[in-house]
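>>> Coordinates for the following, if possible.
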Amino acid sequence: MSKPRRGGTAPGLFVPAYPLITQVRFMHPTRSLALLFLGSALALAQSQATAAGPQADSHAPWLGTTAWFRKTFFYDNVRVTLRAPAGLHDLVAEGQLHLSLKNYLDLVMANNTDVEIQRLQLEYPKDAIQRAAAIFDPYLSSSFSATRAKSPTTNELQGASVLSTLMQPLDVSVSETLPTGTQVSASLSTSKTSTNSGFYYYNPAYSTGLSFGFTQPLLRGRGIAVTRLPITIAKAQRRAADFAFRNQLIAMLSAAENAYWDLVSAREHVTVQQQSLNLADQTLKRMHREVELGATSPLEIFQSEQQYATAKLNLAQAEFVVRQAEDVLRRQMGVDLMPDFRNLPIVLTESVAPQIDETPIDREKLVDLALQARPDLANIRVAGEVSDLQIRNAVENLKPQLNLSGGYTTSGIGGTYYPTSGGAAAVPGGITDAFGQMFGFGFPTWQFSLSLNLPLRDRAGAANLADSVAGKRINLLNQRTTEQQIRQDVLTAVTQLESSRASVKLAQIAVDYAVKRVDADQQRYELGVITVFFLLTSQTDLTTARSNLVDQIVLYRRNVLNLQQRLGTLLADKGIVVQ
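Here you go, the predicted structure:
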């Protein structure tokens, strides 16, 4: 037997008709509709994925876009900077920082570092929504390899004494999950094979294949609501995080306003101590004149001097308290971060004396308002919604896993063709022949299958469901105890506010009587009816009464603030809009 020539064929073997290679068939209408349906499904899935997380599009650019290249290959030089405190220049006049309570709270919202930290914490649950929507992201995968192999042959039918083969496969596939839970995929594969064997019709030989497939859950994981359940849970957790942020913000604003009233109280106490020092100074000067005139024994002056020294000490201590309160206020507004502003004098323009609201308080109405407005209770209610979703997910996972799968594949071959008839010239060809045959859809393969995964006993699923139900029960109990605590908080705050109303009135009456007593004792002392001891005692009592009035006025302000905090209406009452 003569050896076969390179690229030749052995006689008697089946030879496919060459026209099948070069003929390009027209696509059947049914196949056209199938391909159109799959393409539309892919586009619909992407639109649904975009709708699931619209806020994420700017952060997750499409492959091949400018934003994708910039983020993927040029994102190593990340610079994170902090802005300087804002809004301070508008409140500076004549070298002083003028602050009403509203201006001050606006500066706290804009510049307070702790507020900004809490605000940035909301980015994590927002990103969790984008992360949950990633189940709808399409994936592109590809692979290419080249393999050269040489091997000795054992018989003449292998077509060469030393068989040399070069194989170069290329595979590209796209897969995506639709909102209905359907997994769709499309793949294109090509392969080039070159050999020195004489028993190949095509050398080099090109083979191509185009496949479409889907897998549809019929029980577990079926339906848009089930597929989007992680996104729904992430959105609910985002709402819960927003309520938690509002609760934290109310607490921080309450602390900030209390710092404002701390400074008001400290400055008012300085005024009171200055008035006390003025009274002590007047009495001491009068005692000195009396001693000089011989009207009073020198031994009587020591008590007045001690009273004057005590008044100076109290004034000095009150001034240091003012400095500390000012430093706290600067930090709340972020002024301490600005060298040009941190040493500016602070002028508080808020009126000290409040307008006492004498309207009777409806306690039950305020309790109902708090149950509607408190963000911590709203947070627990959203947590209950999350628990319901988790129960639904646990029930879904108890279902059997029944999937319907289907696929369609078309293939083609091509390359340089070597006829079997002796002496016939080789017919040139290439990969275009393979693609022409593939898109002619003359060699289709259809496939459908059903798969069932049914655990005979699902202990893990039952335990997960039990955990979810227990979590729901705990959440309901947390909601109940929070409602009870809110009711108690509101009633206590109302009682404290009513007490402050009465205390301010009584403290003012006490000041009025203390002033009259000092005037009376001054006249009695001048008449020689009482000694200086009684005069100094009445002056001390006047200072105490004035200090008490300041404390009661500021306490009333604090109790109003406390009631707003307990009601959960502090942000609305202060005109603060959370972005």
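>>> all contacts plus neighbour counts: C-alpha atoms, from now on.
Fine.
>>> Quick one: name whatever helix or strand follows the lengthiest helix in the chain.
Identified as the longest helix of the chain according to DSSP state H is helix 459-526. As assigned by DSSP states H and E, the chain's next helix or strand after helix 459-526 is helix 532-567.
>>> Name the residues of that next one that come out as buried.
Under the neighbour-count criterion of 16 or more other CA atoms under 10 Å, helix 532-567 has 532, 535-536, 538-567 buried.
>>> picking up where we left off before, distance between the longest helix of the chain and the chain's centre?
Distance, stretch centre to chain centre, for helix 459-526: 32 Å (CA atoms, centre = their mean, to the nearest Å).
>>> what separates Ile233 from Ala128, distance-wise?
10 Å (CA to CA, to the nearest Å).
>>> Tell me which of those two has more neighbours.
Neighbours were counted for Ile233 and for Ala128 using other CA atoms under 10 Å; Ile233 has more, 21 against 18.
>>> Name the SS class of the more buried one, please.
helix (DSSP: H, G, I helix; E, B strand; the rest coil).
>>> With the one 3 residues further on instead?
In three-state terms, and counting by three-state DSSP, Ala236 is helix.
>>> Which pLDDT value goes with it?
Listed pLDDT for Ala236 reads 95.
>>> How are the helices of the stretch 251-400 of the chain distributed by residue range?
Taking DSSP state H, counting those that start in this stretch as the criterion, the stretch 251-400 of the chain contains helices spanning 301-333, 363-373, 375-397.
>>> swap in the stretch 1-150 of the chain?
With DSSP H, counting those that start in this stretch as the criterion, the stretch 1-150 of the chain has helices at 19-22, 29-52, 66-73, 101-111, 113-120, 123-132.
>>> Lowest average pLDDT across those helices?
Least confident of the helices of the stretch 1-150 of the chain, judged by mean pLDDT, is helix 19-22 with a mean of 39.
>>> contacting residues for the residue nearest to Ala394 when sequence neighbours are not counted?
Nearest non-adjacent residue to Ala394, counting by CA to CA, 6 or more residues apart in numbering: Leu465, 5.0 Å away. If a contact means CA atoms under 8 Å, 6 or more residues apart in numbering, then Leu465 has Ile391, Ala394, Val395 as its contacts.
>>> Any figure for the gap between Leu465 and Gln390?
Taking CA to CA as the measure, Leu465 falls 8 Å from Gln390.
>>> residues in contact with the most centrally placed residue in the chain?
By CA atoms, centre = their mean, the chain has its centre lying nearest to Leu122, at 2.2 Å. Neighbouring residues of Leu122 by CA under 8 Å, 6+ apart: Arg238, Ala241, Asp242, Phe245.
>>> again, but for Ser191
Neighbouring residues of Ser191 by CA under 8 Å, 6+ apart: Met167, Gln168, Pro169, Leu170, Tyr206, Ser207, Thr208.
>>> mind checking the SS state of the third one?
When classified by three-state DSSP, Pro169 comes out as strand.
>>> Kindly state the domain boundaries assigned to the protein.
The chain is divided into the following domains under automatic domain parsing: 1-65+141-224+403-454, 230-386+463-573.
>>> Looking at these, which is nearest to Leu105?
domain 230-386+463-573 (7.3 Å; CA to CA).
>>> Distance from the chain centre to the closest one, please.
Distance of domain 230-386+463-573 from its chain centroid, counting by CA atoms, centre = their mean, is 34 Å.
>>> How many residues are close by Ala149?
For Ala149, the neighbour count with other CA under 10 Å is 11.
>>> can I assume it is in contact with Val162?
No - counting by CA atoms under 8 Å, Ala149 does not reach Val162; the two are 10.2 Å apart.
>>> about what we covered before: which one of the contacts of Leu465 sits closest to Leu497?
Leu497 lies nearest to Ile391 out of the contacts of Leu465, by CA to CA, at 44.1 Å.
>>> Which of the domains of the chain sits closest to Ala86?
Closest approach to Ala86 among the domains of the chain is made by domain 230-386+463-573 (8.9 Å; CA to CA).
>>> Give the full set of residues in contact with the closest residue to Met167 other than its chain neighbours.
Distances taken as CA to CA, 6+ apart put Thr193 closest to Met167, at 4.6 Å, once the chain neighbours are dropped. Thr193 makes contact with Thr165, Leu166, Met167, Gln168, Asn203, Pro204, Ala205, Tyr206 under the criterion CA under 8 Å, 6+ apart.
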